[in-house]
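Participant: the sequence isn't on hand, but the structure is:
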């Protein structure tokens, strides 16, 4: 028994980590670049880069020795660089440049064309916030005719332009695309100032060439300095970050939202439970009669209407047409009544059917037959035997519903203007407030995991059969 | 003609399959047969709507249900437009018919993700047991720990609004129920005599899993499809309300949301039409699904608490 409880308690850890991993995968991996999503459709690369830096999206996702860096390709410094087509903005930060270059060139080619000018063509790449003590890596693809040669030169911040050490020299032997990796070793030279802008020049001699898919990386010594572990450590300290929209702390917003949510969901939960169990007992008592069948039909009919329709019609008739309840707000008891009634009506069908199935399952058990055989009355069997045994699945269902008390009802709260967690979530979806969504989904799941844990512990207490396992 | 009961050869000539007994059982439930008829009507409407959509697309013209008529917008029900017109003069009945198409497309595409995923993982977990089982149980416990509506919303939001987001969102979340059921069945079946016989005759694991056991658990897939279909329809409405639903096409969720504002002006038929169209399909599917389950596998427990 104790061993079981300990085992059950420990099992919460992998599940919680798994939930965090899942939510992380949803928000940071499945949907592509989160920074681009937050910045909106027509955001400049500089803005995306800024978001990426603020939220740490430039770090490796789980594990890695390299951090992707921001850079600019500059027009003035690159002698002989000709943009492929009539682009106007010349300052690109090219973190995902294979993508962005494709946008730039209208001719369908990716990359810049280098027209031969005075023997050599150069492309200048500026690296802001350059830290000379770190290792950098630059990767790109070159397409050039036979006989071309390539050099990569580096100018540290503050160094004179003519003082450029060559960090890579290569002859391009064939016409195919060549993948080039240039490593910039750290320097201990104290003159190379920290924090300035370094300039890397790609120089190609001997022909017209195209450079594409350019990326710059900076080495990091701690490979676990990544997005996922950052979130793990933050969430472990109950720090969920700040809302993008209101700039409030998310933990604070959640604390504020819990009470209004509970005001709506607790009455719904309790009323629905009592009514549904009572009706289910009634159905079990009069099983296979017209009364039972009527309730079954009503509950299936009730389940088949969208919750949204209940809310819309209820609000329209009772608040607007009849004026019995306020339409919007959260200022007193009468603001809560209508949402509660609608919530109960919308969800009672499913619950009734569920509890009825449980009761009827029990009705056909052997012990019920025995009870009838020894002469127990219908009522005695129902209340003394069946209800007691049905309590276990009922308990599961009840505890599993508890997280919904917390997350509140998304629809109800946003229709009736109740400032709870449900409305907070809906608003976050509308405004694209991802940190809030991330935290809401995660916390909702954690509450669920804990509720499940409590159910299982209650089982061992309520059902002696489980203790034996 | 001789009596079949007296003639064993005649009995042997007509074996009773699971499906034929199930069909006899199903037929006895008259309400379910009526509902099956309703579903059949919806399927016919689905094919009609699909043909309207594709003919317009192949001819490269604006389909009839999308032709705007701002002069006749917000019309009341009349002989020409049985349920009136919407804010851009689209006929509401034509839109409802297209809603059938969207609902079926969502259900079919989502099931195309959900069924292989749930079936395969469930089969692997149940058949191989040990660490495979542990890993898959962990996976579905994790997915199941996130309140399903929140995870569906999150995935749809991240993937982007439209059919793709809805389908991926629901497909990647709803497979858990099927996976559980299939896992339980494989656990049961792998100890049966026919599996042991197949193994001892030299059948490989894959062959046993897919050729021998799979046909015996396939009915669960059909039951699950019928019983999750209503869930897809109802979830689509919520997603549309949250602004991560279908765009550019008239789905029921979109219609209900569009009708939201006009309801306050007393325009009830638009909302009523969409609700009714949805209601009959969901109701029929629920009843058919229950009857199918009772006929095919009475002991199967699919009762799940409906998400808020």
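Facilitator: Right, received. Where do you want to start? Keep in mind it's a predicted model, so treat the numbers as computed, not measured.
Participant: how about the secondary structure of the residue of the stretch 101-250 of chain A found nearest chain B?
Facilitator: Residue of the stretch 101-250 of chain A nearest chain B, by CB to the nearest CB: residue A:244 (14.2 Å). Quick note: C-beta positions are derived from backbone N, CA and C, even for glycine. Here residue A:244 is recorded as coil under DSSP: H, G, I helix; E, B strand; the rest coil.
Participant: let me see the domain layout of chain A.
Facilitator: A:80-219, A:250-462 (automatic domain parsing).
Participant: single out the most deeply packed of those.
Facilitator: Of the domains of chain A, the one with the most neighbours on average (mean count of other CB atoms under 10 Å in any protein chain shown) is domain A:250-462, at a mean of 19.
Participant: hmm, back to that, now the domains of chain A in a markdown table, with mean pLDDT?
Facilitator: Converted to a markdown table, the domains of chain A look like this (pLDDT from 0 to 100):
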| stretch | mean pLDDT |
| --- | --- |
| domain A:80-219 | 62 |
| domain A:250-462 | 85 |
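Participant: confidence score at residue B:187?
Facilitator: Listed pLDDT for residue B:187 reads 89.
Participant: still on that earlier bit, any chance of the domains of chain A in a markdown table, plus distance to chain B?
Facilitator: As requested, those are exported to a markdown table (distance: least, CB to the nearest CB, whole Å):
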| stretch | distance to chain B |
| --- | --- |
| domain A:80-219 | 17 |
| domain A:250-462 | 4 |
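Participant: rebuild those domains as CSV, extending it with distance to residue B:221.
Facilitator: Shown next, in CSV, are the domains of chain A (distance: least, CB to CB, whole Å):
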stretch, distance to residue B:221
domain A:80-219, 40
domain A:250-462, 21
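Participant: how about the strands of chain B, start to end?
Facilitator: Here chain B has no strands by DSSP state E.
Participant: what about the longest helix in it?
Facilitator: In chain B, taking DSSP state H as the definition, the longest helix is helix B:92-128.
Participant: flag every buried residue along that one.
Facilitator: B:92-107, B:109-111, B:113-115, B:117-127 (16 or more other CB atoms under 10 Å in any protein chain shown).
Participant: how close does the residue of the stretch 51-200 of chain B found nearest chain A sit to residue A:36?
Facilitator: Nearest residue of the stretch 51-200 of chain B to chain A (CB to the nearest CB) works out as residue B:158 at 3.1 Å. In this structure, residue B:158 and residue A:36 are 12 Å apart, going by CB to CB, to the nearest Å.
Participant: just residue B:53 next, same as before
Facilitator: Distance, residue B:53 to residue A:36, using CB to CB: 32 Å.
Participant: ok, residue A:270 next?
Facilitator: Counting by CB to CB - residue A:270 and residue A:36 are separated by 45 Å.
Participant: specify the local secondary structure of residue A:200.
Facilitator: strand.
Participant: which residue sits closest to it, ignoring its sequence neighbours?
Facilitator: residue A:125 (4.7 Å; CB to CB, 6 or more residues apart in numbering or on different chains).
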